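Colleague: give me the fold of what follows.
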Amino acid sequence: MSLPSELVHRRPDILAAEAQLHVASAAIGVATANLYPKLDLTGALTQEALTPGFLFNSASAAWSVAANLSQPLFDGGQRRAERRAAIDNYKSALASYRQIILTAFGEVADQLQALSNDADQIRAQMTAAQTATSALDLARRSYAVGNSGILDVIDAERRLSQARLGLARARAQRLLDTAQLYLALGGTPIPAAARDKTAEK
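Modeller: Now for the predicted structure:
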């Protein structure tokens, strides 16, 4: 049995991890944008600097602009540290995202393997039931002609009942594993108590 990986993508845990990864990625962009200096540039400074009255004041104005420009770049490395932290958070989110995907794929693969085993078990139990049916038929015929006793017929009936019970259990296990597969695709494991209760039946 096989399923396309797109079916697993709709699991809530994968979608949540993917959303966190997008947020962490966007945070890197914000932190990178914060490295660029933020100030208002106008033509007033150049015009005033050409005026004789502001000739000596233009230097101080230019130093003021230079100070404002360098302030975001020389802030003790705070903005660069924030960007590094954003990158580290992204790497952590990426690692978590990968682990969740691997876990999801593993859970689905386990359930597909369980269903494959269930199919083999059902075929084996069907063969056992057919064999037991044939044995019971032979026992009844032998008893009818006096070649065997009633105990042989009763024993054949018991074996057929056991084979039918085994087949019913195998089919019930397949239904349980099918439900488990649907839950694995949805990202919600079936409670252990429910599994134990079904197994007892």
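
Colleague: report the buried residues of stretch 162-170.
Modeller: By neighbour count with 16 or more other CB atoms under 10 Å, stretch 162-170 contains the buried residues 163, 166-167, 169-170. In this view, the C-beta of every residue, glycine as well, is placed from N, C-alpha and C.

Colleague: what is the nearest of the residues you listed to residue 114?
Modeller: Distance to residue 114, by CB to CB, is smallest for residue 170 among these, at 12.0 Å.

Colleague: how far away is the closest one from residue 117?
Modeller: 10 Å (CB to CB, to the nearest Å).

Colleague: now do the helices in the protein.
Modeller: Secondary structure of the chain (DSSP state H): helices located at 12-33, 44-49, 57-70, 78-144, 150-186, 192-200.

Colleague: dump the residue contacts of the nearest residue to residue 139 once chain neighbours are set aside.
Modeller: Leaving aside its chain neighbours, residue 139 sits nearest to residue 156 (4.0 Å; criterion: CB to CB, 6 or more residues apart in numbering). Counting by CB atoms under 8 Å, 6 or more residues apart in numbering, residue 156 touches 132, 135-136, 138-140.

Colleague: now swap in residue 125 and tell me
Modeller: Per CB under 8 Å, 6+ apart, neighbours of residue 125: 163, 166-167, 169-170.

Colleague: try 7 Å this time
Modeller: Each residue near residue 125 by CB atoms under 7 Å, 6 or more residues apart in numbering is listed here: 163, 166-167, 170.

Colleague: okay, it: pLDDT?
Modeller: pLDDT for residue 125: 96.

Colleague: can you tell me the closest non-neighbouring residue to it?
Modeller: residue 167 is the one closest to residue 125 (CB to CB, 6+ apart), at 4.0 Å.

Colleague: same deal with residue 111?
Modeller: Nearest non-adjacent residue to residue 111 (CB to CB, 6+ apart): residue 181, at 4.1 Å.

Colleague: number of nearby residues for that neighbour?
Modeller: 20 (other CB atoms under 10 Å).

Colleague: and it, how far from residue 115?
Modeller: 7 Å.
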